[in-house]
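*Asks:* Take a look and give me a structure for this.
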Amino acid sequence: KKLKTATFSYEDYLKQMQAVKKMGSFKSLLGMLPGMSKLKDLNFDDREVLKVEAIILSMTPRERKEKDELSMTRRKRVARGSGTSIDDVNRLVKSFKQAKQFFKNIPNMKQLEKMFGG
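*Replies:* Residues are numbered from 1 along each chain as shown. Sure, this is the predicted structure:
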């Protein structure tokens, strides 16, 4: 339900990433989804999920819950705390926004909720 509304936060994003990680590799998951088998050949590194976890866990609880953009000083601090680069943090922020927009526009959320245990 949070995916469809504006209440989707970094904490929710982290939970979704962890749920995906428990299901197996991202490539194998793509192969199971109808119409996504072609994407299986993309060069996706499962270590990216670990990087995303490190970045989000380096945010303060307040930052994880906030819907506002992280300032550049906060992004630098999060990058230092997670052992990643500012570019990595920026990519996470961008992919978070894209995921939020994607889920907001999906007409049949019931199927997705079942898929991701929601």
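*Asks:* okay, CA-based contacts and neighbour counts for the rest of this
*Replies:* Fine.
*Asks:* ok, how many other residues are close to residue 78?
*Replies:* 23 (other CA atoms under 10 Å).
*Asks:* going forward can the numbers begin at 303, since that is how I track them
*Replies:* All set: I'll call the first residue 303, so the last point we hit is now residue 380.
*Asks:* and it, helix, strand or coil?
*Replies:* helix (DSSP: H, G, I helix; E, B strand; the rest coil).
*Asks:* Now do the buried residues in the helix or strand where residue 353 lies.
*Replies:* Assigned by DSSP states H and E, residue 353 belongs to helix 349-359. For helix 349-359, burial by neighbour count (16 or more other CA atoms under 10 Å) applies to 351, 353-359.
*Asks:* Dump those residues into TSV; add distance to residue 387 and pLDDT as well.
*Replies:* Output for those, formatted as TSV (distance: CA to CA, whole Å; pLDDT from 0 to 100):
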residue	distance to residue 387	pLDDT
351	15	82
353	10	91
354	12	90
355	14	93
356	12	95
357	10	96
358	13	95
359	15	96
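*Asks:* how many other residues sit next to residue 371?
*Replies:* Residue 371 - counted by other CA under 10 Å - has 11 other residues nearby.
*Asks:* Please name every helix or strand in contact with the top helix by length along the chain.
*Replies:* The single longest helix within the chain, with elements called by DSSP state H, is helix 388-407. Counting contacts by 3 or more CA pairs under 8 Å, 6 or more residues apart in numbering; DSSP states H and E, helix 388-407 packs against helix 374-384.
*Asks:* contacts for the helix it packs on?
*Replies:* Residues outside helix 374-384 that contact it (CA atoms under 8 Å, 6 or more residues apart in numbering): 353, 356-357, 359-361, 387-388, 390-392.
*Asks:* Cool, thanks, signing off.
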